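[1] Give me a 3D structure for the following:
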Amino acid sequence: DEKMQEAVNSARAEGAEVVVVLSHNGMDVDLKMASRVTGIDAIMGGHTHDAVPTPTVVKNRGGQTMVTNAGSNAKYLGVLDFDVRNGKIQDYKYHLLPVFSDFIEPDKEMAEYIERTYNQEINFGGKTFNAAERASQQLATNDALLYRRGNFIGTWDQLLCDALIDVNDAQISFSPGVRWGTSLIPGEPITYDDMMTHVVLTYPNVTVNEFTGEQIKGILEDVCDNIFNTDPYY
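    Here you go, the predicted structure:
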């Protein structure tokens, strides 16, 4: 909070008439920060992937701050317009703009970049393959609705956890209950690209460990405390 207050004060001192924070804290943390830090007009946040149709207005010592989230996977664009006169916000308008990719003409340079990137030869694990060919490879046919939403379990999570148990000959598997990735309806093929959408994180590794029941209980309680603690900062 202290560092954020310093940053806001500095921006105001340099002549900023409007201060907007782009945040990856998550909605609950942003709401608490908005109540403690003054001088922020709006926080446009992410991390918890909430599609918030109207801003939550938080009162604080210096006035008020609007807090928003625009979902995940580029489903929406959060559009916030300010009417600024005489150095102050007089009014604002906010809405979630649905993104229908099929109706938007692709940017030529970006489309070429994506095409070039997908068609490069990749060397990984001692093997060389074409990225586009690997991405389009069909792994299976889906027989259920595959989704990944909420704080507990989605069917994509269950599929991944079942696979971890089978491949690693384990009794229990754990996977972080993230809230991103595309959903698949029954009967659709599951491609390598679909799978990578859900597992291609840059920071975790898959490991096999021996745990006692007490250790497993501690891990699960720690995760629950992280998600459901009444103080978002914890």
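
[2] Kindly format the C-alpha coordinates of the longest helix anywhere in the chain as CSV.
    The helix spanning the most residues in the chain, taking DSSP state H as the definition, is helix 213-228. This file holds the C-alpha atoms of helix 213-228, laid out as CSV (Å, rounded to 0.1, in the frame of the first residue of the first chain):
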residue,chain,number,x,y,z
GLY,A,213,-1.6,-37.7,5.4
GLU,A,214,-0.7,-34.8,7.7
GLN,A,215,1.4,-33.1,5.0
ILE,A,216,-1.5,-33.5,2.4
LYS,A,217,-3.9,-32.0,5.0
GLY,A,218,-1.5,-29.1,5.5
ILE,A,219,-1.2,-28.4,1.8
LEU,A,220,-4.9,-28.4,1.2
GLU,A,221,-5.6,-26.2,4.2
ASP,A,222,-2.9,-23.7,3.1
VAL,A,223,-4.5,-23.6,-0.4
CYS,A,224,-8.0,-23.0,1.1
ASP,A,225,-6.6,-20.2,3.4
ASN,A,226,-5.0,-18.6,0.4
ILE,A,227,-8.3,-18.5,-1.5
PHE,A,228,-10.9,-18.0,1.2
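
[3] Which residue lies nearest the spatial centre of this structure?
    Nearest to the mean C-alpha position of the chain, by CA atoms, centre = their mean, lies His47 at 4.3 Å.

[4] And the residue lying farthest from the centre of the chain, how far from Leu80?
    Outermost residue of the chain with respect to the C-alpha centroid, by CA atoms, centre = their mean, is Asn86; its distance is 36.7 Å. Asn86 sits 20 Å away from Leu80, taking CB to CB, to the nearest Å as the criterion. For glycine as for every other residue, the C-beta is placed from the backbone atoms N, C-alpha and C.

[5] cool, Thr128 as well?
    Applying CB to CB to Thr128 and Leu80 gives a distance of 46 Å.

[6] Between the two, which is the more surrounded one?
    Leu80 (16 against 9; other CB atoms under 10 Å).

[7] Apart from its neighbours in sequence, what residue is nearest the more buried one?
    Once flanking residues are discounted, Leu80 sits nearest to Tyr94: 4.9 Å by CB to CB, 6 or more residues apart in numbering.

[8] In which helix or strand does Arg65 reside?
    To be clear, residue 65 is Thr; Arg isn't right here. Per DSSP states H and E, Thr65 falls inside strand 63-69.
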